[in-house]
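[1] sharing a model that was predicted from the sequence below.
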Amino acid sequence: MGTTQLETVPEPKYWHLRTVLSEALDSEFSVGEILPNERDLAARFGVARATLRQALEQLELEGRLQRRRGVGTTVAPPRMGVSVGTAQHAWPGGPHDAWQTLDCALEVPPAAVAETLVTGRDESVHVVRRSRVSRGQPVAAELLYIPAHSVPDLSGIDAPSGTARARAVLRELQRLELERQENAVELGSARADDARELDRLPGAPVLVVTTRFIARGRTAALSVATYRADTCRLTFGDSGGVEIHHGPERHAS
């Protein structure tokens, strides 16, 4: 990284610094490499540490950098494309599903979820927990809510919880004919549980993708997937899936 001092420019100094740093990331650093500490960077570019922090925070929001506890600031991998297309797709747990199944339990869902599933206020549903990993790092966590009426033939399954139970629930769900799925996306902040699972700090920006799976004219399952906003970007189209992009495109669509 060069040592040229910043000259007076009409744009905010932190934004100009952000541009300089971005170019340096492309030419001098590799994915996962740790940046020098703030004191050294500020001295090298002749800026206040407050200005440097603003530039680093902007690059983190753009997905160029990651701040990892106990490690420091590292160069982020290319963002993962989260498709929000409306084409018909497949049930969760299919042969081309990239999610990893972790656990399953019977729980009373949040009120908003129960309303969407049209279940009773105190009625338990199957909650399947899954995760998505890219380049060895967790990038998304999912809670998949499945009411009992969608998987009526589970009474003979011995495993009360765990991965085996989760896979059995997903296999039974796939017996239904999927009519369509509806997606919604919103920007949110990581809750404590999400932050721990995604290796982020509480309050970090996340993308929340909610998917309703429709069968027999009603919601057969509801997915609430939380993606790291620093490693994911939205893509629009009819692909209907989540793809990993390893090309040069780094910025949010």
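    Looks like it arrived, so ask away.

[2] show me where this protein has its strands.
    Here the chain has its strands, by DSSP state E, at 65-68, 72-75, 80-83, 100-107, 125-134, 137-146, 180-189, 205-215, 218-228, 232-235, 242-243.

[3] between these, which gets nearest to Arg196?
    strand 137-146 (9.5 Å; CB to CB). All C-beta atoms are positioned from the backbone trio N, CA, C, and that covers glycine.

[4] got the angle between that closest one and strand 100-107?
    Angle, strand 137-146 to strand 100-107, by axes from the mean of the first three to the mean of the last three CA atoms, to 10 degrees: 40 degrees.

[5] quick one: the residue nearest to the spatial centre of the chain from Leu106, how far?
    Nearest residue to the geometric centre of the chain (CA atoms, centre = their mean): Tyr227, 1.1 Å. Distance, Tyr227 to Leu106, using CB to CB, to the nearest Å: 26 Å.

[6] kindly report the same for Asp40.
    Distance from Asp40 to Leu106, by CB to CB: 53 Å.

[7] check Gly70 too.
    In terms of CB to CB, Gly70 sits 36 Å off from Leu106.

[8] tell me which of those two has more neighbours.
    Each of Gly70 and Leu106 has its neighbours counted (other CB atoms under 10 Å); Leu106 has more, 13 against 4.

[9] share the number of residues neighbouring the closest residue to Arg121 other than its chain neighbours, please.
    Spatially, and ignoring its direct neighbours in sequence, Arg121 is nearest to Ala114 (6.3 Å; CB to CB, 6 or more residues apart in numbering). Neighbour count of Ala114, defined by other CB under 10 Å: 19.

[10] contacting residues for Ala114?
    By CB atoms under 8 Å, 6 or more residues apart in numbering, the contact set of Ala114 is Val108, Gly120, Arg121, Glu123, Val125.

[11] of these, which pair is most distant in space?
    Greatest spacing in the contacts of Ala114, by CB to CB: Arg121 and Val125 (12.0 Å).

[12] if you count what's nearby, which of those two comes out ahead?
    A count of neighbours by other CB under 10 Å puts Val125 above the other of Arg121 and Val125, at 24 against 9.

[13] mind checking how far the more buried one is from Glu57?
    39 Å.

[14] swap in Val108?
    39 Å.

[15] next one: Val118
    For Val118 relative to Glu57 (CB to CB), the value is 42 Å.

[16] which one of the two is surrounded by more residues?
    More neighbours surround Glu57 than the other of Val118 and Glu57, with 14 against 11 (other CB under 10 Å).

[17] distance between the helix ranked longest in the chain and the chain's centre?
    Longest helix in the chain, counting residues (DSSP state H): helix 13-28. For helix 13-28, the separation from the chain centroid amounts to 25 Å (computed by CA atoms, centre = their mean, to the nearest Å).
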